[in-house]
Every structure is written in C-alpha cells, then in structure tokens.
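Participant: Sharing a model prediction with you, sequence too.
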Amino acid sequence: MIKCPNCQASEFSGALFCSKCGAQLQFFDAEFLTSNIDTGSHDSFVDSSPIVFPPPPEDYADANFALRIMATGNVIHINDPDEITLGRKMKEQPIIPDVDLSPYHAYEKGVSRLHLSIRFTQGQFILKDLGSVNGTRINGKKVAANSDYTIHHCDIITLGKMKIQILIRE
C-alpha cells in the first residue's frame, strides 16, 4: 500500500491517482519516476536546435505510417495506426506503451512511461500528450497536455529530449 501525499489515503501499489482526492500519486522508488530534464526554468526553455527534414526512407515495408528516431536513424513501422501509445516499458508496469522507446535511451532523454498517443481519425493523424513529465513539442512548439494536435509527414515531435520524425505515406 502507498499513501497519497495530499490526503494521506491508502491506495494499492501501482495506483496512479488517489481515489479520494484525485491527486497524482508519487512513487519514491527511482525505478518508477520519469527523470526531470534540467532545463532551468521550464517556461523559458526553448529548443534552439534547427529542425532538419531529412528525406523519408524509400522502404516503408507495408506500413503507411512510421517513426524515425532522429538520433539513430532507426525507423519503426506502424502497421495498424488506428491508435498507438509511445513511451517506455518498465518491469512490473501494469500498462505498457504500444511503442516501447526504451532501446533508444528513453529514460535518459526524459520520456514518460505513457508519454503520448497518436490516432488516425477522419483522414488525419492526431497527437495527444498524455500528461508527460517533460512535455511534447511538434516542430519545436510545446503542446498542451491532453489536447489534440494534427501531425503531418516530416513533422518532428520531441518527447522530453528525444526527437522523432513522423513519416506518412501519401
């Protein structure tokens, strides 16, 4: 059992929110925390690195949608893009992301366990930050948590400090 830091109610281990007051529960075990990226003031942080739009790879396999990890050039093909979640997987995590970014040093780059979702609806790809600790940016512009944003071919999304290029087959 864990105690809510706000109202001291007892909750089962692994609970994300307090059932009494709704406060987000904090885990004091470093294994469960997303590390904060030291950026000084979060309000004044601006990603000043230039946005580069490299050409998409020739081989998309059978996928109409793919994610290119900018640091490595690896491409993750998404065969069924109706809705996916991106984040990092931890042992004994009750809910795991569809796309696990752990092999790309997600923890060190500030990616949350369930960082964002992308869904395909009405002919558009829609991104939603799921309340991540270090936030999400689209082409360098910070997005609000739990709000929908349309993304396009060659957009660069940044999860914490991890940059990913969106690849959409026309």
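Facilitator: Perfect, thanks for sending it.
Participant: Quick check: nearest residue in space to residue 93, chain neighbours excluded?
Facilitator: residue 113 (6.1 Å; Cβ to Cβ, 6 or more residues apart in numbering). (C-beta placed from N, C-alpha, C; glycine too.)
Participant: Next up, the contacts around that neighbour.
Facilitator: 34, 87-90, 93, 95, 97 (Cβ atoms under 8 Å, 6 or more residues apart in numbering).
Participant: next one: residue 67
Facilitator: 75-76, 78, 86, 99, 164-167.
Participant: Mind doing that once more with 10 Å?
Facilitator: 74-78, 84, 86, 99, 101, 118, 157, 164-167 (Cβ atoms under 10 Å, 6 or more residues apart in numbering).
Participant: re the thing from before, out of the contacts of residue 113, list just those in strands.
Facilitator: The members of the contacts of residue 113 that map onto strands under DSSP state E are residue 87.
Participant: Confirm residue 103 sits in a strand?
Facilitator: No. Assessed with DSSP: H, G, I helix; E, B strand; the rest coil, residue 103 is helix; it does not lie in a strand.
Participant: Roughly how far does it sit from residue 162?
Facilitator: Using Cβ to Cβ, to the nearest Å, residue 103 is found at 12 Å from residue 162.
Participant: Same check on residue 156?
Facilitator: 11 Å.
Participant: Over to residue 75?
Facilitator: In terms of Cβ to Cβ, residue 75 sits 15 Å off from residue 162.
Participant: before we move on, back to that, give me the more crowded residue out of residue 103 and residue 162.
Facilitator: Taking neighbours as other Cβ atoms under 10 Å, residue 103 and residue 162 compare with residue 162 leading, 22 against 11.
Participant: Correct me if wrong: the more buried one contacts residue 70.
Facilitator: Yes. Counting by Cβ atoms under 10 Å, a contact exists between residue 162 and residue 70, whose distance comes to 8.0 Å.
Participant: Identify the contacts common to these two.
Facilitator: residue 104.
Participant: Can you name the residues bridging to residue 129?
Facilitator: With DSSP bridges as the criterion, residue 129 is bridged to residue 116, residue 145.
Participant: ok, now residue 100?
Facilitator: Bridge pairing for residue 100 - DSSP bridges - gives residue 87.
Participant: show me the contacts for it.
Facilitator: 76, 85-90, 106, 111, 113.
Participant: What is the burial count for residue 8?
Facilitator: There are 10 residues near residue 8, going by other Cβ under 10 Å.
Participant: Residue 108: how many residues sit nearby?
Facilitator: 12.
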